[in-house]
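> Whatever this is, show me its structure:
(one chain, ligands or ions: 1)
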Amino acid sequence: MFYHEKRDGFARTGKIEIDGRTVATPAMLEVEDIPDWDFGLAPTSLKFLNEELFEVLKPQNEEVEVLTSLHLLSPRQLVDVFERAGKKPVYAASSALPSNVSLLIYLGADLVDNVLAIAKAYNGVFLMGEIEVQVEKLQRLPCNCIHCQGKFVEEVDNLSKTVARHNTEMLRMEVEKCRRLILDEELRNYVESKVKLDPELTSALRFSDALRDHSTFPRFKKSRCNFSALESFNRFEVRYFFNRALECYQPFSDTVLLLPCTARKPYLISRTHRYLRSRVKINVNEIIISSPLVVPREFELLYPAVNYDTPVTGYWSDEEISFVSGWLKKFIEKGKFSKVIAHVAGGYRKVVERIEGEIQAEVVYTAEDDILSDKSIDRLKKEIEGYERVDLYRRIIDHMLSYQFGISFEGEVKGRYPELELHDKKRLARVDRIYGMLDIYEDIAVHLLEKKIYSVEIGDFDVKGTIFAGGVINADEKIRPNDLVVFCNSKIFGVGIAAMSGREMVESERGIAVKVKRKFLM
Ligand SMILES: [Zn+2]
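You can find the predicted model right below:
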């Protein structure tokens, strides 16, 4: 039986009972600990050669989905088998090495084993992390683990067995690393770097981004989004952010000011943006250009805009310019702006120039090379001053409510940026900077429950810190892991963080569905 704990996309942590032992997943099983599960009579690759025959010969297990020898599959096939793996815990048998195991776990493997690590040893391969070294080329074992102890190769009694044990430890460490990374919501950053070691793994990640159903991916995360690779542009959180922000964006002025991003987030607390605002009264729409993000000011406290990092060199690749300018164009078109004031230089300016001829609005460049020089600022002032004062913080909260829940709510915005709060007579909502979302209190919780938005209906039991999937009667299908949700039964209601998707809450019998933040009596 599998017990779900935490999800991060396709990957998850949990516990599984194997022959009376409880194993924390994702886990590596050692050959001698593998229970008598059915491995079928053909590897998973047969499925792509003769599907009918594979249906007859494939493994048949009640409690676990066994996929075998996945390293033999093409990248596209690999992604395909995980997409169709179903709801049982997934055991990727005879498939894992330190080089590919993070991707297997990212794609949804709960269990792997050390079969390939051992096979490598008996083929004379010593694993140094993901790097494979022929043991015959070594004088000493370059490792001080309990098995190697830095011994001279010729002094080792049973070399293959020793290397097999060492290789197993290398793999175990990698699996443990992934478990940790899921808990920290960092697995994607890690996988993007790991797949670079092998173009086949990179292809698999790209197919996964392009082809799979991403309904179990969170919209909000506590980890920083590292945009270090081309694959970063295609992350679920980037695509979601663009589509959702575009949908929710409600500009108010006929003019839009384009500004460059800053290393410090949120942008408004950076020295550059603060200095500009101290010199120029900005009461028009603003859009911040970054790579790969394009962020209307109203969305800067939302994930991933609030917590990302990107390599800054001043050099923009053609791919970056066309990706970023494409989204910038969509936001400008949505705003139906008649004037675009581009207070940008260098690569940022190239982004604007790329679309200048394609948009209706007049484009004015106000910056010299230094956007903070007196001359640049004077030109900006001339273009932008004289607009009526706008309550920016109110607009930020409104856009966050719309983005996160699709609602609007009356109230007064208080607090020192970015720690904004929405109040009526009491606190209604506050900015949660860790997750880049809003946290909500009683009145908005009631509103969401009435509208059945992000709501979870649970049985009439006493609610403590955790709501288990077995206690969930119904849940909004829109719910993703890490979403702020509202729950209720006939006695109480409250606010919590989803640990799985809404569909999983309804379908699963076991595991953590919601972590409770606060509760109220009906
Ligand atoms: Zn060792």
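
> buried stuff in the helix or strand where Val351 lies?
Taking DSSP states H and E as the criterion, Val351 maps to helix 346-356. Judged by neighbour count using 16 or more other Cβ atoms under 10 Å, the buried positions of helix 346-356 are 347-352, 354-355. The way it works is simple: take the backbone N, C-alpha and C, and place the C-beta from them, glycine included.

> helices or strands up against that helix?
For helix 346-356, the packing partners by 3 or more Cβ pairs under 8 Å, 6 or more residues apart in numbering; DSSP states H and E come out as strand 255-260, strand 285-289, helix 318-335, strand 339-342, strand 362-365.

> closest one to Leu97 among these?
Closest approach to Leu97 among the helices and strands packed on helix 346-356 is made by helix 318-335 (30.9 Å; Cβ to Cβ).

> Okay, buried residues for that closest one please.
320-321, 323-325, 327-332, 335.

> Not counting that helix itself, show me its contacts.
If you take Cβ atoms under 8 Å, 6 or more residues apart in numbering as the criterion, helix 318-335 is touched by 230, 233, 242, 245-246, 249, 251, 256, 258, 285, 287, 289-294, 296, 340, 347, 350-352, 354-355, 358-361.

> Glu298: what's it in contact with?
Applying Cβ under 8 Å, 6+ apart, the residues near Glu298 are 249, 395-396, 398-400.

> State the helix or strand in which the closest residue to it other than its chain neighbours lies.
Leaving aside its sequence neighbours, Glu298 sits nearest to His399 (Cβ to Cβ, 6 or more residues apart in numbering; 3.8 Å). Assigned by DSSP H and E, His399 falls within helix 392-405.

> Dump that helix to CSV, restricted to CA.
Provided in CSV are the C-alpha atoms of helix 392-405 (Å, rounded to 0.1, in the frame of the first residue of the first chain):
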residue,chain,number,x,y,z
LEU,A,392,-0.5,50.4,-6.9
TYR,A,393,-0.7,48.2,-3.8
ARG,A,394,-4.5,47.8,-4.2
ARG,A,395,-3.9,46.9,-7.8
ILE,A,396,-1.3,44.3,-6.8
ILE,A,397,-3.7,42.6,-4.3
ASP,A,398,-6.6,42.7,-6.8
HIS,A,399,-4.5,41.0,-9.4
MET,A,400,-3.3,38.4,-7.0
LEU,A,401,-6.8,37.6,-5.9
SER,A,402,-7.8,37.3,-9.5
TYR,A,403,-4.7,35.2,-10.5
GLN,A,404,-4.9,32.8,-7.5
PHE,A,405,-8.6,32.3,-7.0
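
> List the buried residues in it.
392-393, 395-405.

> what's the nearest residue to the residue of the stretch 401-522 of the chain found nearest the ion if we skip its chain neighbours?
Minimum separation of the stretch 401-522 of the chain from the ion (Cβ to the ion) falls at Gly511, amounting to 35.6 Å. In space, and not counting its chain neighbours, Gly511 is closest to His4: 2.8 Å by Cβ to Cβ, 6+ apart.

> Now do the same for the host helix or strand of the one you found: mean pLDDT, whole number.
His4 belongs to strand 2-8 when assigned by DSSP H and E. Per-region confidence: strand 2-8 scores 94 on mean pLDDT.
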